[in-house]
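S.K.: Next come a sequence and a model predicted from it.
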Amino acid sequence: MTKKPNIVVAGILDTKGTEIRFLADRVRAAGGNPIILEMSVGKEVGWADIGLSEVVVKVGHATGEIFALERAKASEFIVEGVIRVLSELLEHGRLDGIIAMGGSMGTSMATQAMQKLPVGVPKLMLSTMASGDVRHYVGTKDIGMLYPIAEGGLNVVTRKILNNAAGAIVGMATIPEPRAAEKKSLIGCMMFGVTTPCVLRASKYFEDRGRYDVMINHAVGIGGRSMEELILDGYIVGMLDITTHEIADLLLGGVLSAGPDRLTAAGRMGIPQVVSTGGLDMINFGPEATVPQKYKGELDTPGRVIYVHNPTVTIVGTSLDEAFLIGKHIAGKLNQATGPTALCVPLRGWGAYDIAGPNPDLGWVEESPAPCWVSDPKKPEWSLRAERFVEALREVIDRDKPNLDVLLVDRHMNEPEFADLMAGLLDEMLSGTWKKGSHHSIPEFIPF
């Protein structure tokens with residue numbers, strides 16, 4: 001970028017005006033063109049480049065009306081106006097980055113607006129809230145949070161921090177774009193610790209062939225939400241949805257739910273998707289004390305177990321009835337898919353904590369079955385949880401859909417052959433050669 005980048009510098013100016021002015025000055029010193037955007041909720045200061053009057057008129061209001069409202073309600077209208085202002089600036093090429101400073105109110109307002117900007121537009125929030133839980137401020141977007149130590153005042157400490165922040169946002173806005181040759185079509189993939197061997201091998205399949213890049217999101221709730229948004233925004237051309245355990249957390253009260261829209265975007269957009277059951281053997285909670293009492297009283301139920309992964313993460317094994325419920329939910333989602341779709345179900349376990357015995361390559365080393373393992377009495381090497389899941393599929397899945405296939409596979413999730421199967425299916429879909437029934441001839445295939 002040869003021109004000076006246009007950097008929006010936003011904040012509640014009637015309380016943070018001194019700091020915002022200093023921040024804008026340091027943006028200018030760093031080589032940027034600052035545009036001060038006002039979000040005041042008490043009074044209009046009159047010196048902003050884009051004053052509050054210009055903001056709220058975008059939503060049909062005058063400042064007098066806004067200031068007559070309670071602060072929380074006033075902030076809603078201001079945020080809506082800021083979003084429209086930023087959209088117009090971006091459309092006209094006058095927005096190359098945004099930086100804001102605020103306490104709890106200013107942080108909430110600024111980050112709500114930042115979340116509406118596309119991925120890749122530099123976004124930096126200086127906030128005293130940055131030392132705590134910032135998921136509500138960051139959402140699913142690439143927002144940087146910087147803790148400024150103090151909420152207000154210019155001094156030897158805060159001047160240095162604001163100066164660093166100004167340099168950071170200008171630097172983000174001026175760094176050259178990656179070379180065009182580095183831009184490849186993007187495959188989405190979901191991973192959790194228990195599915196790492198499968199994900200790494202499947203993603204390497206595509207990386208070795210050089211035609212695609214693979215974006216691996218951490219399936220911790222926000223990771224799934226981010227992936228669904230990336231698909232809807234057109235970034236993802238194919239989905240390697242190996243790890244779907246966020247659905248178990250949604251249905252069963254775990255802490256890593258990605259919300260009700262998980263496993264919908266690929267189907268709506270019609271892009272190829274190969275889906276599996278990674279991590280659906282467990283529900284995720286925080287420290288052991290946070291596990292609901294209901295689950296603690298069901299340890300005699302097949303599949304139910306409480307296992308402390310580490311001091312801050314405890315997993316609860318899904319019961320057989322819950323596996324049936326999850327199967328119905330996933331089948332219902334995939335029935336709506338408009339593009340090529342395959343559901344691959346490994347019958348020998350769904351992750352490192354769901355395996356019949358020790359196998360370091362698959363993620364479990366102890367001389368015992370993994371904690372979530374439930375053996376099928378009729379076929380001990382198969383998971384009884386998987387069997388119940390398949391029963392639900394047989395009830396709900398639309399077998400007549402020409403674009404939807406189900407493959408039951410006599411493998412464990414983390415076996416190399418299973419990863420290769422999923423990658424090969426998606427490769428066929430992306431090349432346009434896939435047909436329903438592809439790979440049914442492999443030795444591990446079990447008729448559905």
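M.R.: Perfect, I can see it now.
S.K.: Can you pull out the low-pLDDT segments for the chain?
M.R.: Scanning the chain for pLDDT under 70 picks out the ranges 1-2, 180-182.
S.K.: how about a cut-off of 80?
M.R.: Residues of the chain that meet the criterion pLDDT under 80 lie in 1-2, 178-183.
S.K.: Who are the contact partners of the residue nearest the centre of it?
M.R.: The chain has Gly223 as the residue nearest its centroid, 2.3 Å off, counting by Cα atoms, centre = their mean. Shown in contact with Gly223 (Cβ atoms under 8 Å, 6 or more residues apart in numbering): 190, 217, 246, 258. C-beta here means a position set from N, CA and C on the backbone, and glycine is covered the same way.
S.K.: Just give me the closest of those residues to Tyr147.
M.R.: Asn217 (25.5 Å; Cβ to Cβ).
S.K.: Checking the closest residue to the closest one other than its chain neighbours next. Helix, strand or coil?
M.R.: For Asn217, ignoring the flanking residues on the chain, the nearest one in space by Cβ to Cβ, 6 or more residues apart in numbering is Gly223 at 4.0 Å. Put simply, Gly223 is helix when judged by DSSP: H, G, I helix; E, B strand; the rest coil.
S.K.: gap between Gly223 and Arg135?
M.R.: Distance, Gly223 to Arg135, by Cβ to Cβ, to the nearest Å: 11 Å.
S.K.: before we move on, what about His412?
M.R.: Taken as Cβ to Cβ, the span from His412 to Arg135 is 33 Å.
S.K.: Tell me which of these two has more neighbours.
M.R.: Applying other Cβ atoms under 10 Å to His412 and Arg135 shows that His412 carries more neighbours, namely 27 against 11.
S.K.: How about the contacts made by the more buried one?
M.R.: Applying Cβ under 8 Å, 6+ apart, the residues contacting His412 are 346, 348-349, 355, 359, 362, 418.
S.K.: Please apply the same query to Glu54.
M.R.: Val85.
S.K.: Give the helix, strand or coil label for it.
M.R.: On the basis of three-state DSSP, Glu54 is classed as helix.
S.K.: Leu186 too?
M.R.: Leu186 ends up strand, using three-state DSSP.
S.K.: Just list whatever residues bridge to it.
M.R.: On the basis of DSSP bridges, Leu186 takes part in beta bridges with Asp213, Ile236.
S.K.: could you list every residue that touches it?
M.R.: Counting by Cβ under 8 Å, 6+ apart, Leu186 has contacts 212-215, 235-237.
S.K.: out of those, which is most surrounded?
M.R.: Ranking the contacts of Leu186 using other Cβ under 10 Å puts Ile236 first, with 24 neighbours.
S.K.: Strands of the stretch 51-200 of the chain, start to end?
M.R.: Assigned by DSSP state E, counting those that start in this stretch, the strands in the stretch 51-200 of the chain fall at 97-102, 123-127, 144-146, 185-191.
S.K.: Can you get me the centre-to-centre distance for the shortest one and its chain?
M.R.: Spelled out, that is strand 144-146. 18 Å (Cα atoms, centre = their mean, to the nearest Å).
S.K.: Could you list the paired strands of it along with their orientation?
M.R.: For strand 144-146, pairing defined by DSSP bridges yields strand 123-127 (parallel).
S.K.: Name the surrounding residues that touch the strand it pairs with.
M.R.: Under Cβ under 8 Å, 6+ apart, the answer for strand 123-127 is 23, 97-103, 106-107, 110-111, 114, 117, 137, 141-148, 161-162, 165, 168-169, 172.
S.K.: Filter those down to the buried ones and hand me the PyMOL line.
M.R.: Here is the PyMOL command that selects only those of the contacts of strand 123-127 that count as buried (16 or more other Cβ atoms under 10 Å):
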select buried, resi 23+97+98+99+100+101+102+103+106+107+110+111+114+117+137+141+143+144+145+146+148+161+162+165+168+169+172
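S.K.: As CSV, the contacts of Gly223 with secondary structure would be great.
M.R.: CSV is the format used below for the contacts of Gly223 (three-state DSSP):
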residue, secondary structure
Met190, strand
Asn217, strand
Glu246, helix
Ala258, coil
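S.K.: need these in a markdown table with distance to Ala323 and neighbour count, can you?
M.R.: A markdown table is the format used below for those (distance: Cβ to Cβ, whole Å; neighbours: other Cβ atoms under 10 Å):
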| residue | distance to Ala323 | neighbour count |
| --- | --- | --- |
| Met190 | 19 | 30 |
| Asn217 | 24 | 19 |
| Glu246 | 16 | 28 |
| Ala258 | 19 | 26 |
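S.K.: Output these as a markdown table; include the columns distance to Gly42.
M.R.: Listed next are the contacts of Gly223 as a markdown table, based on distance: Cβ to Cβ, whole Å:
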| residue | distance to Gly42 |
| --- | --- |
| Met190 | 45 |
| Asn217 | 40 |
| Glu246 | 41 |
| Ala258 | 38 |
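S.K.: Closest one to Thr433 out of those residues, please.
M.R.: Met190 (24.6 Å).
S.K.: what's around Asp420, how many residues?
M.R.: Neighbour number of Asp420 under other Cβ under 10 Å is 16.
S.K.: That one: what secondary structure?
M.R.: helix.
S.K.: pretty sure it contacts Arg201?
M.R.: Yes: shown here, Asp420 and Arg201 form a contact pair, counting by Cβ atoms under 8 Å, at 7.1 Å.
S.K.: So which residues make contact with stretch 247-260?
M.R.: Counting by Cβ under 8 Å, 6+ apart, 219-225, 228, 245-246, 262-263, 279-280, 282-286, 290, 292, 316, 318, 322, 325-326, 329-330 sit against stretch 247-260.
S.K.: Whichever strand or helix holds Leu23 vs strand 123-127, what angle?
M.R.: Assigned by DSSP states H and E, Leu23 belongs to helix 13-29. When axes from the mean of the first three to the mean of the last three Cα atoms, to 10 degrees is applied, the directions of helix 13-29 and strand 123-127 differ by 130 degrees.
S.K.: and Lys73, how far is that from Glu80?
M.R.: Taking Cβ to Cβ, one finds Lys73 at 12 Å from Glu80.
S.K.: Could you do Leu126 as well?
M.R.: 23 Å.
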